[in-house]
Structure formats: structure tokens, C-alpha cells
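Engineer: 3D, please:
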Amino acid sequence: MQVRETLENQNNMVYMGDLYIGSPAQAIRAIFDTGSANPWILSKTARAEHSFDQTKSTTFKDPSTKQWTSIHFGSGTLRGYFASDTVLLGDPQNTEHALTLPSWNFGLVTENSVFDKSFDAIIGMAYKEFAEEGVTPFFEALRSSGKLAKEMHSWYLSLNPDDQSEIMMGGWNEDRFRKELLVWHPVVNKRFWAVKLDDIKVNGVSTGFCTRTGANCTIAPDSGTSLLTFPQKALTEFNQQYGDSVDCSESEFTSFPDLVYVIRGVEYRVPPHHWIDRTVSKADSTQGTCKSNVKSLDTEYEGIEEMFILGDAFMQLFYTIHDAEHDRVGFAPAIHNHTEVLKVYDTADQ
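Structural biologist: Residues are numbered from 1 along each chain as shown. Down below sits the predicted model:
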């Protein structure tokens, strides 16, 4: 079967969907994150409202010995242990369009400084090699159920909050991408969905990050990251040439060059408004300043020390298919039926 998980687009920066935990089912608001593997769900202990209340579920199972874990993020820390319960993906009112997993193992968060009030769970969608010992990531559990038509999940991230985003579990939606332009890339590291990166260009000129002697660049789509990221060393070099804040008018903003990723010989173009922010002048809305919004992120895992991240800013442009059966990632130009809405920029006194 295929299950369509609809996602709410929050200002083109975050995409969230509902997941149903326990018996009777409790709806939680989840960020499905291809850049992590563990599932984390807030408990009532961590937050009184908009959280999972395990005391009201007849199928919740507390382990006899709790496996406590603390995770540190850039935004804070969470602590919890692993428990199990029934989870439902899809429409709880229509069993033909829903998939249920009994006794699913997940992290129950008891202390939290990471989650804000807009979401209740982070559901990791990376490979099991990236998960805590003894934990089966969500998609691995779906694969093991034998219920999916294909062992893949596919992503359409809209450019307009009025256009519904989606994940297709078990297949893809051909109405959402140009199938004739779909290109597959083999996964080279199974912690992330990392593929080989040949080069990064700006205005047709190589940055040299991946072409220099000894370079081992990889790149991974990451639905849990809003923007694009470079390793810190590469970003420092990039910002020396492209990181300055410059005066720019409304028309000049769209005339900046594309950022081009070359992945196994295929060029993927990211237009300027997906890697540059424009701050509007209060005095004159047609004027302002522009600056790169590419962020830094380093990984310490062997083989992917030079890994770049393709966040939502890229996945909005390219329909992204994660094929676990064949260990490959597919990219194709997404088909959008709504006009792109640019995010609202902060104003500055100028």
C-alpha cells in the first residue's frame, strides 16, 4: 500500500504532519526529519499541553528497565527513555488510507528545551545505522511491516502555504514532479541519505571545495533543516567571497546568480532567493540589503566530514525520493501549481 501523509507548510520554513499514538489514538504534530533517525515524542511530564499522555493509552508499554538518553541540539537538550505503543500514519477515519504499527518503539521525552509550542514530536527518517542501539526508526518499522508497496518515501514541499505538502510512504506521486527528469544517485553513507557531491558553483565558477586534491564531498537532503548548510571550513571560504551584506533593490535581488550543486555530473540550480535573504528598508520598501543565508554544520562521522546539507530550500525545488530498497536518492524538478510566496523579511532602519 501507499500512504499519503499531508504536511502543513508554515511560512515555507517548517513542514509538519499529524501522527496518531496510543489507544484511543492521540494526535501529535510531528516534524518528519530525514536528517535524524530516532523518534522523539513529548510526554505530559515535559509539557502539559500538546503532548502525548501515556496514562490515557491502554496499549502503552513502559519498559521494566528504562533506557535513558540525553540528546544535545544547537537549540537545547532533551532527555527521555524508550517505550512502545501503537502508532497510526494516515487517516484514522479511513483504514484503507492508514497504516498501523503495534508496539512501536519511540523516545518518550520527559525533559525538554528543544521543542517549541508549534510541534510535539521529531520523527527521524534516516537509516537505522544512525539510530540509538535497539531503536528501530519509523520508516524502518514501516518497511518491516511488509505493508508498503515500495520501500521508499517521497517528498513534495510546497512553495505556498495554500498548497498542501506531502510525503508518500511506499511510492511517489507523479503529479508532483517531472518524471522524465528524475535522476537517481547511490547513497554512499548510511548514517544520512548522503550521496557524492562533485562541485558547487556560483555564476558558473567552481568554489573549489570539492575539486581540490583529497576532497571527499558528500551531500544529503534533510527535511528537518530549513536552509542550506556547508561545513564550517567551506562556509568561511564561501563567505569571504559571497557572504557580505550588500545594498540591493527589489529587482537586483532576483538578479543574483544561482547556487549550483553538481551531483554525479548533474547540475541542480538553486535560485538566489533560496540562498540569499533580503532585508527591506523601512524608509523605502523597494530598497534594502541582501546577504547569504547559508549556515554552517559540521559532522564528525567518518567518511562524511565534508558533508553539505540540502534543506527545505532545495527540497522545495526538487521532488526528493528516498529509496531504501536500492539505497539511492532521486531528484526531479517539482511541479508547483501555486505561485511561490516569499517569506516575510524583517525591516531595518536605513
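Engineer: Please count neighbours and contacts with C-alpha atoms only from this point.
Structural biologist: Fine.
Engineer: Low-confidence ranges, the chain, go.
Structural biologist: Scanning the chain for pLDDT under 70 picks out the ranges 73-75, 343-350.
Engineer: who's in contact with I309?
Structural biologist: 219-222, 228-230 (C-alpha atoms under 8 Å, 6 or more residues apart in numbering).
Engineer: change it to 6 Å
Structural biologist: The neighbours of I309, taking C-alpha atoms under 6 Å, 6 or more residues apart in numbering as the test, are 219-220, 228-229.
Engineer: Using a markdown table, lay out those together with distance to T299 and secondary structure.
Structural biologist: Converted to a markdown table, these look like this (distance: C-alpha to C-alpha, whole Å; DSSP: H, G, I helix; E, B strand; the rest coil):
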| residue | distance to T299 | secondary structure |
| --- | --- | --- |
| I219 | 12 | strand |
| A220 | 12 | strand |
| L228 | 15 | strand |
| T229 | 11 | strand |
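Engineer: closest to N293 among these?
Structural biologist: L228 (7.8 Å; C-alpha to C-alpha).
Engineer: Compute the number of surrounding residues for the closest one.
Structural biologist: 21 (other C-alpha atoms under 10 Å).
Engineer: That one is in contact with D312, isn't it?
Structural biologist: No - L228 lies out of contact with D312 (C-alpha atoms under 6 Å); the separation is 7.8 Å.
Engineer: What about the contacts of I309, which one has the most neighbours?
Structural biologist: I219 leads the contacts of I309 on contacts (other C-alpha under 10 Å) with 25 neighbours.
Engineer: Could you report the distance from that residue to V262?
Structural biologist: 10 Å (C-alpha to C-alpha, to the nearest Å).
Engineer: Could you do D199 as well?
Structural biologist: Per C-alpha to C-alpha, D199 is found 5 Å from V262.
Engineer: Of those two, give the one with the bigger neighbour count.
Structural biologist: The residue with more neighbours, out of D199 and V262, is D199; 23 against 17, by other C-alpha under 10 Å.
Engineer: Give the burial count for the residue nearest to E325 when sequence neighbours are not counted, as a bare number.
Structural biologist: Leaving aside its sequence neighbours, E325 sits nearest to E151 (C-alpha to C-alpha, 6 or more residues apart in numbering; 5.4 Å). Neighbour count for E151, taken as other C-alpha under 10 Å: 22.
Engineer: Check A98 too.
Structural biologist: Considering only other C-alpha under 10 Å, A98 is surrounded by 17 other residues.
Engineer: I'd say T299 and E305 touch.
Structural biologist: Yes - here T299 reaches E305: they are 5.4 Å apart, a contact under C-alpha under 6 Å.
Engineer: re the thing from before, and the residue nearest to E325, what does it touch?
Structural biologist: By C-alpha under 6 Å, 6+ apart, the contact set of E151 is 143, 170, 324-325.
Engineer: Equivalent analysis for F52, please.
Structural biologist: The neighbours of F52, taking C-alpha under 6 Å, 6+ apart as the test, are S43.
Engineer: same thing with the one 4 residues further on?
Structural biologist: Remark: with contacts taken as C-alpha under 6 Å, 6+ apart, K56 is in contact with nothing.
Engineer: swap the cut-off to 8 Å and go again
Structural biologist: Contacts of K56 (C-alpha under 8 Å, 6+ apart): 23-24.
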